[in-house]
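Enquirer: sharing a model that was predicted from the sequence below.
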Amino acid sequence: MHCCNSPKCNIEPEANAFKGIAIQCYTCDSRITGLEGCMLFDESSPHVYKAGSSSREESCATIIGLTGRDSVTGTIYPDFAIRTFIPKCVNQNWGTVSYGGATFSGRIECCTSYLCNKEITTSKPDDGFELRPRTLRTEPSERGTAGDYPEMGAAP
């Protein structure tokens, strides 16, 4: 797997310099940055990244979690969105889903084409859930570091 941590490192033509990049996906985590840019997809957000993976088992994914309570700690958490890579990704429809050791109400949608995980949630399932593609811009903005992200095993 090829990872990098600098602006524009995973976009054309730089990405072609690294042989074996199998897929590129958008990545962001609203648990860290708030919903702006990640839930309602905004490619120009400084918290949305383009990343590449050499693993042929990985797919791009959009994970949407609804407001809930951690059953172990009792902590209430807000709606969240995560766009990431998932190895051997399996779609999980609205309901109780699991990701990174956490179980929550939400959905996981997997896709396997270049930068495909950019759908936006226009409403929650009770409101007649709908997905629409939306692209705002193609140039990446300043990026964070790996230290900006909590352990994936943490509850959302």
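Expert: Perfect, thanks for sending it. Residues are numbered from 1 along each chain as shown.

Enquirer: from here on, contacts and neighbour counts on C-alpha atoms
Expert: Fine.

Enquirer: buried residues in stretch 65-79?
Expert: By neighbour count on 16 or more other Cα atoms under 10 Å, the buried set for stretch 65-79 is 65-66, 68-69, 79.

Enquirer: which of those residues fall in strands?
Expert: Judged by DSSP state E, the subset of those located in strands is 65, 68-69.

Enquirer: in the protein, which strand has the most residues?
Expert: The chain, longest strand under DSSP E: strand 102-111.

Enquirer: Ile64: neighbouring residues, count only.
Expert: With neighbours defined by other Cα atoms under 10 Å, the count for Ile64 comes to 24.

Enquirer: any idea how far the nearest residue to it once chain neighbours are set aside lies from Asn117?
Expert: Of all residues not flanking Ile64 in the chain, Ala81 sits nearest, at 4.6 Å (Cα to Cα, 6 or more residues apart in numbering). Look at Ala81 and Asn117: by Cα to Cα, to the nearest Å, they are 12 Å apart.

Enquirer: mind jotting down where the strands sit in this protein?
Expert: 23-29, 36-37, 40-41, 49-53, 58-65, 68-69, 76-77, 80-87, 92-99, 102-111, 119-121, 131-133.

Enquirer: would you list the ones you listed in JSON lines and tack on mean pLDDT?
Expert: Formatted as JSON lines, these follow (pLDDT from 0 to 100):
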{"stretch": "strand 23-29", "mean pLDDT": "91"}
{"stretch": "strand 36-37", "mean pLDDT": "74"}
{"stretch": "strand 40-41", "mean pLDDT": "81"}
{"stretch": "strand 49-53", "mean pLDDT": "91"}
{"stretch": "strand 58-65", "mean pLDDT": "94"}
{"stretch": "strand 68-69", "mean pLDDT": "86"}
{"stretch": "strand 76-77", "mean pLDDT": "86"}
{"stretch": "strand 80-87", "mean pLDDT": "92"}
{"stretch": "strand 92-99", "mean pLDDT": "90"}
{"stretch": "strand 102-111", "mean pLDDT": "92"}
{"stretch": "strand 119-121", "mean pLDDT": "60"}
{"stretch": "strand 131-133", "mean pLDDT": "38"}
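
Enquirer: picking up where we left off before, ok, the residue nearest to Ile64 touching Phe41?
Expert: No: contact between Ala81 and Phe41 fails when scored by Cα atoms under 8 Å: they sit 9.6 Å apart.

Enquirer: neighbour-wise, which of these two wins?
Expert: When Ala81 and Phe41 are compared for neighbours, Ala81 comes out ahead with 28 against 24, by other Cα under 10 Å.

Enquirer: alright, I will stop here.
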